[in-house]
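Novice: the following block contains a protein sequence and its predicted model.
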Amino acid sequence: MGLYWEIASGQRRQGYAAEAGQALIDHGFQRLKLRRIVAMTRYDNAASIGVMRKLGMRVEHNLLPDPPWLQVVGIIESSSDFGSRLFNG
């Protein structure tokens, strides 16, 4: 499952993307029982990379420049999924 956010320029830097992202992550893991959620952006989008980090995502860089929207990937995995793998092999 992927997250996407775009905030109107006059509303940026007020925590809306992180707040909405956290609500979607919580819903995805608790209600939808997702195992992994990702977000993608460009190398130069420091604000979105910051939101990924604030959400607890592991941030990875794509070594290839294309496609531009897949240059940086944020990944978060369900902690309940980690536990089941630890105890069930």
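Specialist: That came through fine.
Novice: name the helices or strands packed onto the host helix or strand of residue 59?
Specialist: For residue 59, the host element (DSSP states H and E) is strand 58-61. The contact analysis (3 or more CB pairs under 8 Å, 6 or more residues apart in numbering; DSSP states H and E) places strand 58-61 against helix 46-54, strand 72-77. Just so you know, the C-beta spots here come from the backbone N, C-alpha and C atoms, and that holds for glycine as well.
Novice: could I get the CA-only coordinates of that strand as PDB?
Specialist: Only the C-alpha atoms of strand 58-61 are listed here, as PDB (Å, rounded to 0.1, in the frame of the first residue of the first chain):
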ATOM      1  CA  ARG A  58      13.000   3.700   6.800                       C
ATOM      2  CA  VAL A  59      14.200   6.000   4.000                       C
ATOM      3  CA  GLU A  60      16.100   4.500   1.100                       C
ATOM      4  CA  HIS A  61      17.500   6.100  -2.000                       C
END
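Novice: same question for that strand, mean pLDDT?
Specialist: For strand 58-61, mean pLDDT rounds to 95.
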